[in-house]
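1. Take this sequence and fold it.
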Amino acid sequence: MYKVSDDKTVVLFGFRTKFGGGRTTGFGLIYDTLDILKKIEPKFRLRRAGLMAKPEGSRKQRKERKNRIKKLRGKAKNKTT
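-> I've put the predicted structure just below:
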């Protein structure tokens, strides 16, 4: 339907199936370049498309680290990272 130079510039999301199957609707956005896509799209969609790195460590580890850092002051915060 649309001519696109790079398949990564197309972002599809929000799919819903109709009752009984056979039809699915959703949204699609086509960007001119990857730079524009990375600037506009939310981070979770970039991660889903594989264009952004996933944060390292489990969610619990990240939260515990954040709360440990909150207890420290000054230059000590830089040493824990």
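2. Go through the chain and flag its longest helix.
-> Criterion DSSP state H: the longest helix present in the chain is helix 59-71.
3. In stretch 40-58, which residues are buried?
-> By neighbour count on 16 or more other C-beta atoms under 10 Å, the buried set for stretch 40-58 is 41, 45, 49. Placement of C-beta: from N, CA and C, glycine included.
4. Residues touching the helix or strand containing the second one, excluding its own?
-> To tie it back to what came earlier, the one meant is residue 45. Secondary structure assignment for residue 45, by DSSP states H and E: helix 43-49. The contact list for helix 43-49 (C-beta atoms under 8 Å, 6 or more residues apart in numbering) reads 8, 11, 13, 37, 38, 52, 53, 54.
5. Just give me the closest of these to residue 77.
-> Nearest to residue 77 out of those is residue 53 (C-beta to C-beta; 23.0 Å).
6. and the closest one, helix, strand or coil?
-> coil (DSSP: H, G, I helix; E, B strand; the rest coil).
7. what's the closest non-adjacent residue to it?
-> residue 47 (7.7 Å; C-beta to C-beta, 6 or more residues apart in numbering).
8. Which pLDDT does the model give that neighbour?
-> On the pLDDT scale, residue 47 is placed at 93.
9. Ok, residue 81 next?
-> pLDDT recorded at residue 81 is 64.
10. Just the pLDDT for the spatially most central residue of the chain.
-> Nearest residue to the geometric centre of the chain (C-alpha atoms, centre = their mean): residue 44, 2.1 Å. The model reports residue 44 with a pLDDT of 94.
11. Using CSV, write out the CA atom coordinates for stretch 4-20.
-> Output in CSV follows, covering the C-alpha atoms of stretch 4-20 (Å, rounded to 0.1, in the frame of the first residue of the first chain):
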residue,chain,number,x,y,z
VAL,A,4,8.8,2.7,2.4
SER,A,5,12.6,2.7,2.0
ASP,A,6,13.3,1.1,5.4
ASP,A,7,11.0,-1.3,7.2
LYS,A,8,12.2,-0.1,10.6
THR,A,9,10.5,3.3,10.0
VAL,A,10,7.1,1.7,10.3
VAL,A,11,5.7,1.3,13.8
LEU,A,12,2.6,-0.8,14.5
PHE,A,13,0.7,-1.0,17.8
GLY,A,14,-2.7,-1.1,19.5
PHE,A,15,-4.1,-4.2,17.9
ARG,A,16,-7.6,-5.4,18.8
THR,A,17,-9.3,-8.6,17.6
LYS,A,18,-13.0,-8.5,16.7
PHE,A,19,-15.3,-11.0,18.4
GLY,A,20,-15.3,-14.3,16.4
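12. All set, thanks.
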